[in-house]
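Student: have a look; sequence and predicted model below, questions after that.
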Amino acid sequence: MTKEFTPQDYVKELSEDDLLAVRDLVKYFPIRRSVLDVIARRRQKFVRAVDHISFDIKKGVIFSLVGESGCGKTTTGMTLVRLYDPTSGHILFKVDDETRKKLDDISGGRIKFYDGYVDLAQVPSKWMKPLRTKLQIIFQDPYSSLNPAYRIRDILMEPLVIHGIGDSPEERYEIILKALEAVKLVPAEDIANRFPHMLSGGQRQRVNIAKALLLNPSFVVADEPIAMIDVSLRAEVLLSILDLKEKFGVSVLFITHDLTIAYNISDYIGVMYLGKLVELGSAEQIIKNPLHPYTQALVAAIPIPDPNRRHIIKDIRIKGEITSAVNVPPGCRFHPRCVAFDEHPEIQARCKAEEPKLIEVEKGHYVACHLY
Amino acid sequence: MSSDLALDVRDLRVYYYTYAGVVKAVEGVSFQLRKGETLGLAGESGCGKSTLGFSLMNLVPPPGRIAGGSIFLDGMDIAKMSEEELRRKIRWKKVSMVFQGAMNALTPVYKIGDQLAEPLMVHKGLEKNEAIEEAKKILPKVGLDPEIVNRYPHELSGGMKQRVMIAMALVLRPEVVIADEPTTALDVIVQAQILNLLKSLKKEFNISLILISHDLSIMAEVVERLAIMYAGKMVEIGSSDELFADPKHPYTQGLLKSIPKLTEKGLHYIPGTPPDLRNPPQGCRFADRCPFVFDKCRREEPPMFKVGKTQYAACWLYE
């Protein structure tokens, strides 16, 4: 084993425009043991939701995490904004001077900084408050993420009050109206006075985007934000998310299972399988030239709106179904489902024994597979 | 009625009688389903596509019911049958359904075999062991191991449960199968596998299939003819070849544009929201969101105009 890397070592490798760097991030959820398990002294089992993943997110880009349900993409997003505490690993996040000062004040200077980065994984929850404004999340379900008893203005007022933004209610109301206009919810005054049930799913989701925007964040996690929105209105929400990046310079981690949408909205795509990143690259590279056998199957399964393909029975080169993240297969996690594994007997021993690392096969295009 | 029709729906109206008012979920819909054909019903949530699907078995959940029109199958009008007749003659025997969220439609406390055997015992009068044998025969057709008759639903994955639901819909060899969003809760790969399965089963069992979905990409991959619904109305119907190549109704055009594609990047949407079906606007229901709206649209409701070889659109542009 080589020497243990410290956050300082990682920071040295980062470039000026890296906003967030995830290194060896791990999130395990313990499974409750029964009395019998304890008596028999069976080992504690874990759901290995996120298992040693590393990637960078630059300033002002949209990075999509794609994969099947249960692959750990949502857990990754929740961990990055510290709604979950990571089991181990580092989340290096660049902070501005103002936030740095607030962090110093709240912790009495006990939070370490590494060349302007702070390791989110090491900040205790009680000191997270100054960072919360910088890290925001938009949830999947716009029907349950807005309090039905509050007017939109009251819903949006709360984060401002908590973080002490704006000096008077009037000033706060101005900020709210601006945020609503930024997501094209106009007339803003009218929307602000409505209750959530008076808005469509797409409008509610844009209220959530406005809510994230209010606090002037630098990083937003959008967890399947359009899964529950009508087809004809999805693009409206997506365009607001694009605005986050283009008008406000926010970096977005976009979580989705829909590769077509990921392709249309993101700069970079990461493909996850059973808690691991199996492929990473630009949106173009991942969709047009998928290298990992799993990504290839995902891309082949994308439905194409072309009726001429109706008579084709699609060839989806994958076996079985996703296994549980509790009993992870040894070696490459994908090998029990991998078609390439069957076709290449010469590498089978490695696939079964050795976990493949992400290697760069072309510029900016990484894949974790023994084929390469 | 000519004999190559599996279903002939005429001027169907389905209303929900709620405390807040009458919701006109399906309003004057007519279409025909040919034998052996795959017809798609597409539209956004709340457009009435699922309600229409339920009404084809006369199974609209209360407070909804069929308020008018007829559904002919073999010369019988499903819309006017009694519950008893429907149970004996139509449901599952002639028309069956793969329900939305089918993964939760299986009873958790019965084994798969028992659940598959039930319709066989009720309708065909088979003994339980005969019925289970019959069930075992159908499972390989949907790509499952016959031995899963002894398993409980929680032991199966989502894709496998969906396959069981499809097997259940086919077990009595019905003429018409309605699949309501059969892949919505499934992952992309499983979704593609289920669509493959539907395609091959359709040929093998020679069924007429109605596929209900909001996803036009899925429609393009499966259906021969496509009907687009908006706010309780059918606004366009035609062969998928014609309809995808040259959509006529402005709503269909907008909807097709709204699908993100891999061939070209771009995000499009239709501004506005669908109308409240308790109090639908006079005239065309799409008028408020339509880029081509003119006077007449707001006054009179457009009938279906023939706009192509197989294509009809309800829009005044084609008068």
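Tutor: Alright, I've got the coordinates.
Student: what confidence value was assigned to B:M103?
Tutor: Reading off the confidence values, B:M103 has pLDDT 69.
Student: could you do the one 4 residues further on as well?
Tutor: In this prediction, B:T107 carries a pLDDT score of 89.
Student: tell me the residues of the stretch 51-200 of chain A that contact chain B?
Tutor: Proximity of the stretch 51-200 of chain A to chain B is confined to A:E68, A:S69, A:S200 under the rule CB under 8 Å from any CB of the partner chain. For the C-beta atoms, the positions are set from N, CA and C on the backbone; glycine is no exception.
Student: tabulate these (CSV), appending secondary structure and distance to B:S55.
Tutor: Listed next are these as CSV, based on DSSP: H, G, I helix; E, B strand; the rest coil; distance: CB to CB, whole Å:
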residue, secondary structure, distance to B:S55
A:E68, coil, 35
A:S69, coil, 32
A:S200, coil, 25
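Student: filter those to the buried ones?
Tutor: Neighbour-count burial (16 or more other CB atoms under 10 Å in any protein chain shown) applied to those gives A:E68, A:S200.
Student: tell me the least confident of the residues of the stretch 51-200 of chain A next to chain B?
Tutor: Lowest pLDDT within these is found at A:S69 (83).
Student: now that one, nearest residue through space, not along the chain?
Tutor: B:D187 (5.8 Å; CB to CB, 6 or more residues apart in numbering or on different chains).
Student: quick one: which helix or strand includes the residue of the stretch 101-250 of chain A found nearest chain B?
Tutor: Per CB to the nearest CB, A:A235 is where the stretch 101-250 of chain A lies closest to chain B, at 3.7 Å. With elements delineated by DSSP states H and E, A:A235 resides in helix A:231-246, which encompasses its position.
Student: next SSE after that helix?
Tutor: Toward the C-terminus, helix A:231-246 is succeeded by strand A:251-256 as the next helix or strand (DSSP H and E).
Student: and that next one, what's its mean pLDDT?
Tutor: Computed over strand A:251-256, the average pLDDT equals 95.
Student: for A:K357, give me its contacts.
Tutor: A:A368 (CB atoms under 8 Å, 6 or more residues apart in numbering or on different chains).
Student: what about stretch B:148-157, start to end distance?
Tutor: As for stretch B:148-157, its first-to-last residue distance stands at 12 Å under the measure CA to CA, to the nearest Å.
Student: run the chain-centre distance for stretch B:83-90.
Tutor: Distance of stretch B:83-90 from the chain centroid (CA atoms, centre = their mean, to the nearest Å) equals 20 Å.
Student: what's the neighbour count on the residue nearest to A:S69?
Tutor: Summarising burial for B:D187: neighbours were counted as other CB atoms under 10 Å in any protein chain shown, giving 22.
Student: that one and A:L259 touch, don't they?
Tutor: No: contact status for B:D187 versus A:L259: not in contact, 11.3 Å apart, counting by CB atoms under 8 Å.
Student: spit out the residues that contact the two alike.
Tutor: Once CB under 8 Å, 6+ apart is applied, it turns out that B:D187 and A:L259 contact no residue in common.
Student: got the contact list for B:K35?
Tutor: Per CB under 8 Å, 6+ apart, neighbours of B:K35: B:D4, B:L5, B:A6, B:E175, B:N206, B:S208.
Student: go with 10 Å
Tutor: With contact taken as CB atoms under 10 Å, 6 or more residues apart in numbering or on different chains, B:K35 is in contact with B:S3, B:D4, B:L5, B:A6, B:L7, B:E175, B:V176, B:N206, B:I207, B:S208.
Student: center of chain B - which residue?
Tutor: In chain B, the C-alpha nearest the mean C-alpha coordinate belongs to B:I212, at 3.4 Å (CA atoms, centre = their mean).
Student: so for the lengthiest helix in chain B, mean pLDDT?
Tutor: In chain B, with assignment by DSSP state H, the single longest helix is helix B:188-205. When the per-residue pLDDT values of helix B:188-205 are averaged, the result is 88.
Student: tell me the gap between that helix and the middle of its chain.
Tutor: Centroid displacement of helix B:188-205 relative to its chain, using CA atoms, centre = their mean, is 16 Å.
Student: that helix: what's the following helix or strand?
Tutor: Toward the C-terminal end, the helix or strand that comes next after helix B:188-205 (DSSP H and E) is strand B:208-213.
Student: so which residues of chain B form strands?
Tutor: In chain B, the segments counted as strands under DSSP state E are B:5-18, B:21-34, B:38-42, B:64-73, B:76-77, B:95-98, B:176-180, B:208-213, B:225-230, B:233-239, B:305-306, B:312-313.
Student: would CSV of these with mean pLDDT and distance to chain A be doable?
Tutor: Rendered in CSV, the data for the strands of chain B read as follows (pLDDT from 0 to 100; distance: least, CB to the nearest CB, whole Å):
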stretch, mean pLDDT, distance to chain A
strand B:5-18, 93, 15
strand B:21-34, 91, 16
strand B:38-42, 94, 9
strand B:64-73, 92, 21
strand B:76-77, 91, 32
strand B:95-98, 92, 18
strand B:176-180, 93, 15
strand B:208-213, 94, 10
strand B:225-230, 94, 8
strand B:233-239, 94, 8
strand B:305-306, 93, 20
strand B:312-313, 94, 17
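Student: as JSON lines, those strands with distance to A:D267 would be great.
Tutor: JSON lines is the format used below for the strands of chain B (distance: least, CB to CB, whole Å):
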{"stretch": "strand B:5-18", "distance to A:D267": "45"}
{"stretch": "strand B:21-34", "distance to A:D267": "42"}
{"stretch": "strand B:38-42", "distance to A:D267": "32"}
{"stretch": "strand B:64-73", "distance to A:D267": "46"}
{"stretch": "strand B:76-77", "distance to A:D267": "57"}
{"stretch": "strand B:95-98", "distance to A:D267": "39"}
{"stretch": "strand B:176-180", "distance to A:D267": "37"}
{"stretch": "strand B:208-213", "distance to A:D267": "30"}
{"stretch": "strand B:225-230", "distance to A:D267": "34"}
{"stretch": "strand B:233-239", "distance to A:D267": "37"}
{"stretch": "strand B:305-306", "distance to A:D267": "45"}
{"stretch": "strand B:312-313", "distance to A:D267": "39"}
